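K.L.:
quick one: sequence plus predicted model below, questions after.
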Amino acid sequence: MRTWFSEDHRRHFAQAELSGGEFVTPYERPARVEYVRARLIERGLSDIRDPGPADMAPIAAIHDAGYLRFLASAYDDWKAAGLGGEVIAANVPTRGMRFDRIPQHIDGRVGYYAHASETAITGGTWAAALSSAASAQAAARDVMADARLAFALCRPPGHHATRDQYGGYCFLNNAAIAAQMLRDGGAERVAVLDVDFHHGNGTQNVFWDRGDVLLASLHGDPAHGYPYYVGYADETGIGDGAGTTLNLPMPPGTGWDTWSAALDRAMDAIAAHGAQALVLSLGVDAFKDDPISFFRLDSPDFSRMGERIARAGLPIVACLEGGYAIEAVGINTVNVLEGLLG
Ligand code: Q9C
Ligand code: ZN
């Protein structure tokens, strides 16, 4: 198994995250992926390569052109407007407001393109997000060239990024970009399996009306956790995508028995979809000690997770998503990968 990883992830490290009324050091911090890299090497999975620059075409196929322009210049625009600190959305359009007018002032534009205000844009965010997408792209190319499994050690993560909004620590939807590349590479039907603790709202948004890419997401019930306003079981897609979104929300305290029964349902749906390739949104924040989540999976459960997913016999592009119990992130992530490898 090859891992794709860029040091440019370090260019994104915000001063603070707004968390429950306080400013804290962001949970989504550079050390997370260093633990994963160290664990890969410890386990002999040491083929770790730099992906080089991102290919913009598959990114533009997933994301809105105005959104990409916004991300590329947001920090400079913020500074040019005389604003201090880092780019944070303080105003967002809500009920009764206009969604069809994009403000000119950066303080208004940022709220148009954000769905949450915990996530700040820094001077290096765009470069880091591009490098993360580049890793997903390189892993997709490996699978198109017949690899059974390729791992994109992505940072920042991606699954909360919609076609035109960032938030939840995500800017570019790495998994969606990889899925689109697999489609363009000849896989007629692709599945995205999202095992991150949080609902894959961005991936759901991207593929909502498409029948060619199935999304199955296992996550904390949005009645109790982020992203709060999406991720319920009765969201199943529209148009050509009717029936190709499967949300499996679960309550606080969920452990392996309940979680693995949901995984069985997801794997059945992936088989029924006729998927020829799988993108795994690999977050490990369903871990019992995760500081921002409410499931109770233990480290050996992540090995079982990988073993169960491998039984589908599909080629897999795995993209790192969340996981914030940082010293366990390496162990849990690599447990999944070793389970996948068998
Ligand atoms: N007080 C991913 O796992 N809410 N994103 C944090 C902390 C946002 C998680 C609340 C969580 C986003 C990729
Ligand atoms: Zn998460």
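P.N.:
That came through fine. Ligands and ions are numbered 1, 2, ... in the order given.
K.L.:
only C-alpha atoms from now on, for both contacts and neighbour counts.
P.N.:
Fine.
K.L.:
if I look at whatever residue of the stretch 201-342 of the chain ends up closest to ligand 1, how far off is S281?
P.N.:
Residue nearest to ligand 1 within the stretch 201-342 of the chain (Cα to the nearest ligand atom): G322, separated by 3.6 Å. Distance of G322 to S281, given as Cα to Cα, to the nearest Å: 9 Å.
K.L.:
ok, the two, which is more surrounded?
P.N.:
G322 (30 against 26; other Cα atoms under 10 Å).
K.L.:
for the closest residue to the more buried one other than its chain neighbours, give its distance to V36.
P.N.:
Residue nearest to G322 in three dimensions, not counting chain neighbours: G283, with 4.3 Å by Cα to Cα, 6 or more residues apart in numbering. G283 sits 12 Å away from V36, going by Cα to Cα.
K.L.:
so what sits against both of those two?
P.N.:
Common contacts of G283 and V36 (Cα atoms under 8 Å, 6 or more residues apart in numbering): T333.
K.L.:
check contacts around the residue of the stretch 201-342 of the chain closest to ligand 1.
P.N.:
Taking Cα under 8 Å, 6+ apart, one finds 28, 157, 196-197, 282-285 in contact with G322.
K.L.:
now the buried members of those residues.
P.N.:
Using 16 or more other Cα atoms under 10 Å as the burial test, the contacts of G322 include 28, 157, 196-197, 282-285 as buried.
K.L.:
which ones among those come in contact with ligand 2?
P.N.:
Contacts with ligand 2 within the buried ones among the contacts of G322, as defined by Cα under 5 Å from the ion: 196-197.
K.L.:
closest one to C170 out of the buried ones among the contacts of G322, please.
P.N.:
Proximity of these to C170 (Cα to Cα) peaks at P157, which lies at 5.2 Å.
K.L.:
wait, that closest one sits on Y324?
P.N.:
No. Counting by Cα atoms under 8 Å, P157 sits too far from Y324 to count as a contact (11.9 Å).
K.L.:
just grab the bridge partners of S281 for me.
P.N.:
Here S281 shows beta-bridge partners D194, C319, assigned using DSSP bridges.
K.L.:
now it: how far from A31?
P.N.:
For S281, the distance to A31 equals 20 Å [Cα to Cα].
K.L.:
alpha carbons only: can I get the longest helix along the chain in CSV?
P.N.:
Across the chain, the longest stretch assigned as helix under DSSP state H is helix 125-144. Extracted in CSV, the C-alpha atoms of helix 125-144 (Å, rounded to 0.1, in the frame of the first residue of the first chain):
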residue,chain,number,x,y,z
THR,A,125,-5.0,27.5,4.0
TRP,A,126,-5.4,27.4,0.2
ALA,A,127,-2.0,25.9,-0.4
ALA,A,128,-2.6,23.3,2.3
ALA,A,129,-6.1,22.4,1.0
LEU,A,130,-4.7,22.0,-2.5
SER,A,131,-1.9,19.7,-1.3
SER,A,132,-4.5,17.6,0.6
ALA,A,133,-6.6,17.3,-2.6
ALA,A,134,-3.4,16.4,-4.5
SER,A,135,-2.9,13.4,-2.2
ALA,A,136,-6.4,12.2,-2.9
GLN,A,137,-5.9,12.6,-6.6
ALA,A,138,-2.6,10.6,-6.5
ALA,A,139,-4.3,7.8,-4.5
ALA,A,140,-7.1,7.7,-7.1
ARG,A,141,-4.6,7.4,-9.9
ASP,A,142,-3.0,4.5,-8.1
VAL,A,143,-6.3,2.7,-7.9
MET,A,144,-7.0,3.5,-11.6
